[in-house]
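**Q** Got a predicted model here, sequence first, then my questions.
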Amino acid sequence: MPKGLRIAINTGGGDAPGLNAVIEAVTMSAYHRGWEVFGIKNGYQGLLDTDEIVRLTPEKVRNISSTGGTILGTTNRGNPFAMPVKKVDGELEIKDVSDRVIENFKRLKFDCLIAVGGDGSLKIAYEFFQKGLPVVGVPKTIDNDLGGTVITFGFDTAVSIATEAIDRLHSTARSHERVIIVEVMGRRAGWIALNSGISGNAHVILIPEIPFNIDKICDHITSLELEGIKYAIVVAAEGAIPEGGSEIIKEGAKDGRQDVVLGGVAEYVAKEISKKMGKDTRSLVLGHLQRGGSPTTFDRLLALRFGAAAIRAIEDKKFGHMVALHPPHVTTVKLEEALSSMKRVPLDGDTITTARDLGISFGD
């Protein structure tokens, strides 16, 4: 067993319940091997400004697995291969500062970087691996859209929060005979909307994989009324797309942000239903509620398993790999393989079929 290794770990992209559990498991697993662990704050920023590096010890991480967020901070604006840098005149220019990251990594005598993140963060990690940096990836995304693993931590917590919100909305929607549209996260994959919508007994579920038709949504709501159901709950993923249209963008990519900010589909659907049916409609965006708070037991345990597995991967010199859940085992897959395609909801899958059997409409 290699002795005295110095391991760096960072968390990138959007936060997710379970990040602290990964940090705890990495630190404790390394400690029991006689290794040191250092936390890189705010994505890769800590390897550009090395004052943003902290040594992680058992005393600092013990029992943080139950807390949300990440003690290391995170960002979706800090891609070292395309970093926005202010010029003298105040204008921003995009620079590749990846060599500086690698120089600092080597100067600090780190032996491996554990990169915890979703597809954007892990693509950056893979680029560093291609430049010779020893990297092990840990998959994190509440959207559950990362390939190579059956599930990612954070997803179960997000679905649980969304389902509880939907449960609560039934009573108020029923009392006022309203149509309430709930917008949940899910940029290009509808896993959260699908799972929470079915579990929360929604009447309509809108996901990016199935373009929706407003008239068909209205027809379904009318059919509910004929059955004596005078209200409706519509669950919409933020990336849901109307037939012949495109995703609804709240804010464009800027200032180094990796992607555009989606949002507004619930408001759009509410206005269209109100206009076509004259129904009393409301829209609600759950937003970052789905990211916050303590992870569920499932996410907590999965994150701990992933963190410990990352240390074992370093022990086995599985650089350029990502830990992954392939029940009942946590194993590793090549980063290149995991990033090769986005994991979207399969339209011929059992879950979609179950929803249709239950009478749930997808607006198609």
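**A** Yep, it's here.
**Q** Give me the residue ranges of the chain where confidence is low.
**A** Confidence mapping of the chain against pLDDT under 70 gives the ranges 1-3, 251-260.
**Q** Swap in 80 and give it another go.
**A** 1-3, 76-78, 85-92, 250-263 (pLDDT under 80).
**Q** quick one, what contacts the most centrally placed residue in it?
**A** Against the mean C-alpha coordinate of the chain, by CA atoms, centre = their mean, the closest residue is residue 141 at 2.4 Å. Counting by CB atoms under 8 Å, 6 or more residues apart in numbering, residue 141 touches 13-14, 16, 117-119, 152, 154-155. Heads up, the C-betas are built off the backbone N, CA and C, glycines and all.
**Q** Which members of these occur in helices, if any?
**A** If you go by DSSP state H, the contacts of residue 141 have 119, 155 in helices.
**Q** if we can go back for a sec, quick one: the residue nearest to the centre of the chain from residue 154, how far?
**A** Computed with CB to CB, to the nearest Å, the distance linking residue 141 and residue 154 is 6 Å.
**Q** what does residue 200 give?
**A** For residue 200, the distance to residue 154 equals 19 Å [CB to CB].
**Q** Helices along this structure, start to end?
**A** Taking DSSP H, the helices of the chain run over residues 19-31, 58-61, 98-107, 119-130, 155-176, 191-199, 214-226, 265-277, 297-315, 335-338, 350-357.
**Q** Tell me the buried residues in the longest one?
**A** In this case it means helix 155-176. By 16 or more other CB atoms under 10 Å, the buried positions in helix 155-176 come out as 155-163, 165-166, 169-170, 173.
**Q** And it, what does it pack against?
**A** Packed against helix 155-176 by the contact rule (3 or more CB pairs under 8 Å, 6 or more residues apart in numbering; DSSP states H and E) you find strand 179-184, helix 191-199, strand 232-237, helix 297-315.
**Q** hmm, back to that, find residues that contact each of residue 141 and residue 154.
**A** Both residue 141 and residue 154 are contacted by residue 16, under the criterion CB under 8 Å, 6+ apart.
**Q** Around residue 91, count how many other residues there are.
**A** Around residue 91 there are 8 other residues, counting by other CB atoms under 10 Å.
**Q** ok, now residue 63?
**A** Other residues near residue 63 come to 8 when the count uses other CB under 10 Å.
**Q** didn't residue 289 look like it was pressed against residue 161?
**A** Yes: taking CB atoms under 8 Å as the definition, residue 289 is a contact partner of residue 161 at 5.9 Å.
**Q** Could you list the domains of this protein?
**A** For the chain, the structural domains run 6-153+295-327, 158-292+346-357, going by automatic domain parsing.
**Q** coming back round to it: more neighbours: residue 200 and residue 154, which one.
**A** residue 154 (29 against 21).
**Q** For the helices of the chain, give me TSV that also has distance to residue 184.
**A** Formatted as TSV, the helices of the chain follow (distance: least, CB to CB, whole Å):
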stretch	distance to residue 184
helix 19-31	20
helix 58-61	31
helix 98-107	35
helix 119-130	19
helix 155-176	5
helix 191-199	5
helix 214-226	17
helix 265-277	9
helix 297-315	17
helix 335-338	24
helix 350-357	15
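**Q** among those, which is nearest residue 239?
**A** Nearest of the helices of the chain to residue 239, taken as CB to CB: helix 265-277 at 7.8 Å.
**Q** And the helices of the chain: which comes nearest residue 240?
**A** Closest among the helices of the chain, using CB to CB: helix 265-277, at 5.1 Å.
**Q** what does the closest one rub up against?
**A** Under CB under 8 Å, 6+ apart, the answer for helix 265-277 is 179, 181-183, 206, 212, 214-215, 217-218, 221-222, 234, 236-240, 242, 247-248, 279-285.
**Q** For PyMOL, what selects the buried ones among the residues you listed?
**A** In PyMOL, this line selects whichever of these come out buried by 16+ other CB under 10 Å:
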select buried, resi 179+181+182+183+206+212+214+217+218+221+234+236+237+238+239+240+242+247+248+279+281+282+283+284+285
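**Q** List the residues that contact the closest residue to residue 335 other than its chain neighbours.
**A** Of all residues not flanking residue 335 in the chain, residue 126 sits nearest, at 4.5 Å (CB to CB, 6 or more residues apart in numbering). Contacts for residue 126 (CB under 8 Å, 6+ apart) come out as 135, 137, 320, 335-336, 339.
**Q** Which of those are buried? Put it as a ChimeraX command.
**A** Buried residues among the contacts of residue 126 (16+ other CB under 10 Å), as a ChimeraX selection:
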select :135,137,320,335,339
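**Q** Looking at the contacts of residue 126, spot the one nearest residue 352.
**A** Nearest to residue 352 among these: residue 339, at 25.1 Å, using CB to CB.
**Q** my read: that closest one touches residue 120, true?
**A** No: counting by CB under 8 Å, residue 339 does not reach residue 120; the two are 9.9 Å apart.
**Q** Adding distance to residue 363, write the domains of the chain out as a markdown table.
**A** Converted to a markdown table, the domains of the chain look like this (distance: least, CB to CB, whole Å):
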| stretch | distance to residue 363 |
| --- | --- |
| domain 6-153+295-327 | 20 |
| domain 158-292+346-357 | 3 |
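**Q** So what's the gap between stretch 236-253 and the chain middle?
**A** Centroid displacement of stretch 236-253 relative to its chain, using CA atoms, centre = their mean, to the nearest Å, is 17 Å.
**Q** An error on my part: the question was meant for stretch 319-332.
**A** Remark: stretch 319-332 is offset 18 Å from the chain centroid, using CA atoms, centre = their mean.
**Q** Likewise for stretch 144-155?
**A** With CA atoms, centre = their mean as the basis, stretch 144-155 stands 8 Å off its chain's centre.
**Q** got it, and stretch 50-60?
**A** Worked out by CA atoms, centre = their mean, stretch 50-60 lies 25 Å from the chain centre.
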